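Colleague: structure, please.
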Amino acid sequence: MSAIVCGKRSSFFEDLPSSPPVSKRIRFSSSSPVRFSPPRPTTGSPSSSQSPFNLSFRLSLLDHLAALFPDMDKQLLERAIEECGDDLDSAIRSLNELRLGSAAGTFGTALEANVQFQTQGMTATNGDGASTEDSSAPQNAPIDGAEWVELFVSEMMSASNMDDARARASRVLEVLEKSICARATAEAAQSFQQDNTMLKEQLEALIHENAILKRAVSIQHERQKEFEDRSQELHQLKQLVSQYQEQLRTLEVKMPNPKASEAYIGFNIWIVLLRSQKHKETLIKKKNDGWKMER
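Modeller: I've put the predicted structure just below:
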């Protein structure tokens with residue numbers, strides 16, 4: 001009878017879900033927060049996950065995570081607990097990585113925005129071609145090498161592990177490369193604009209000098225033409241004078257009357273002067289016509 005009772009008692013206790021003692025589930029450490037180990041799942045009990053103990057245990061984990069991560073949503077904390085299988089250490093590690101990744105992404109976006117804004121400040125120039133980088137660049141953007149070194153060191157100090165350090169270093173180097181390329185592009189554009197302005201000024205000066213040279217050549221050509229016309233006129237007058245001198249000698253031989261000779265000579269001189277005056281008027285008219293055509 002006692003054996004039967006003992007057998008029944010043993011089968012009755014086997015049907016009850018076995019749970020580990022509380023002292024084994026709770027571990028205290030002086031250098032780390034309270035860590036909870038998840039309860040061991042029991043076989044043969046389909047409603048074990050919905051037991052009051054599991055519910056209270058999950059609520060305690062949720063409260064502990066809410067105290068550690070007050071800025072995160074409770075739904076996110078519950079999802080982290082479910083994904084980590086009620087393991088507090090895994091949930092804390094996952095949430096830390098999530099927060100670090102979010103902060104790093106925010107840092108990268110802000111840094112890229114600062115670099116882009118700084119580039120726009122460098123490329124925006126006034127009428128004289130001066131850069132407005134100093135007035136438009138943000139105050140917190142790294143400018144020289146020392147500030148980039150400080151930024152890199154601070155990022156490395158903020159890293160939680162080697163993977164996080166590698167990711168942060170990669171992001172900082174990528175942003176540094178973009179900043180260098182943007183600065184080089186802005187400086188090249190500014191230099192090109194200055195060279196273009198200088199070449200335009202030189203071209204305008206050359207055009208002005210060319211116009212002056214053309215005017216000087218035209219004036220010199222007119223003077224040379226006028227000199228040639230006067231030389232030709234003088235040569236013709238000399239020929240006429242020589243002809244009249246020959247005629248005068250012939251008349252002196254043929255006509256003994258000196259008064260008739262003087263009258264004839266005066267008439268010839270008057271004809272020479274008249275021809276000379278007509279020739280001058282013709283030259284002046286040609287000159288005026290030439291000026292009108294040039295204008």
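Colleague: and the helices in the stretch 101-250 of the chain?
Modeller: For the stretch 101-250 of the chain, the helices defined by DSSP state H, counting those that start in this stretch cover 133-136, 145-158, 162-254.
Colleague: got those as a markdown table, with mean pLDDT columns?
Modeller: Converted to a markdown table, the helices of the stretch 101-250 of the chain look like this (pLDDT from 0 to 100):
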| stretch | mean pLDDT |
| --- | --- |
| helix 133-136 | 39 |
| helix 145-158 | 83 |
| helix 162-254 | 88 |
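Colleague: mind putting those in a markdown table, distance to residue 90 included?
Modeller: For the C-beta atoms, the positions are set from N, CA and C on the backbone; glycine is no exception. Shown next, in a markdown table, are these (distance: least, Cβ to Cβ, whole Å):
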| stretch | distance to residue 90 |
| --- | --- |
| helix 133-136 | 47 |
| helix 145-158 | 22 |
| helix 162-254 | 16 |
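Colleague: of those, which approaches residue 58 most closely?
Modeller: Residue 58 lies closest to helix 162-254 among those, at 28.6 Å (Cβ to Cβ).
Colleague: tell me the angle of that closest one relative to helix 145-158?
Modeller: 160 degrees (axes from the mean of the first three to the mean of the last three Cα atoms, to 10 degrees).
Colleague: and helix 162-254, what does it pack onto?
Modeller: helix 88-123, helix 145-158, helix 258-294 (3 or more Cβ pairs under 8 Å, 6 or more residues apart in numbering; DSSP states H and E).
Colleague: what mean pLDDT does the last one get?
Modeller: Meaning helix 258-294. Taken as a whole, helix 258-294 has a mean pLDDT of 65.
Colleague: still on that earlier bit, just send the helices of the stretch 101-250 of the chain back as CSV, with mean neighbour count and distance to residue 284 too.
Modeller: Putting the helices of the stretch 101-250 of the chain into CSV (neighbours: other Cβ atoms under 10 Å; distance: least, Cβ to Cβ, whole Å) gives the following:
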stretch, mean neighbour count, distance to residue 284
helix 133-136, 13, 67
helix 145-158, 13, 79
helix 162-254, 12, 10
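Colleague: what's the closest of these to residue 75?
Modeller: Nearest to residue 75 among these is helix 162-254 (25.1 Å), distances taken as Cβ to Cβ.
Colleague: pretty sure residue 156 is touching residue 168, no?
Modeller: Yes: under the criterion of Cβ atoms under 8 Å, residue 156 makes contact with residue 168 at 6.9 Å.
Colleague: can you check which of the helices of the stretch 101-250 of the chain gets nearest to residue 71?
Modeller: That would be helix 145-158 among the helices of the stretch 101-250 of the chain, by Cβ to Cβ, at 16.8 Å.
Colleague: what's in contact with that closest one?
Modeller: 107, 142, 165, 168-169, 172, 176 (Cβ atoms under 8 Å, 6 or more residues apart in numbering).
Colleague: mind putting these in CSV, distance to residue 206 included?
Modeller: Shown next, in CSV, are the contacts of helix 145-158 (distance: Cβ to Cβ, whole Å):
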residue, distance to residue 206
107, 54
142, 45
165, 61
168, 57
169, 55
172, 51
176, 45
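Colleague: and the furthest pair within the residues you listed?
Modeller: Checking those with Cβ to Cβ, the most distant pair is 142 and 165, at 19.0 Å.
Colleague: next up, phi/psi of residue 85, please.
Modeller: Residue 85 adopts backbone torsions of phi 70, psi 40, taken as degrees, to the nearest 10.
Colleague: give me the number of residues near it?
Modeller: 10 (other Cβ atoms under 10 Å).
Colleague: and it, how far from residue 229?
Modeller: 116 Å (Cβ to Cβ, to the nearest Å).
Colleague: what of residue 254?
Modeller: 37 Å.
Colleague: ditto for residue 243
Modeller: From residue 243 to residue 229 the distance is 21 Å (Cβ to Cβ).
Colleague: over to residue 159?
Modeller: According to Cβ to Cβ, residue 159 and residue 229 sit 96 Å apart.
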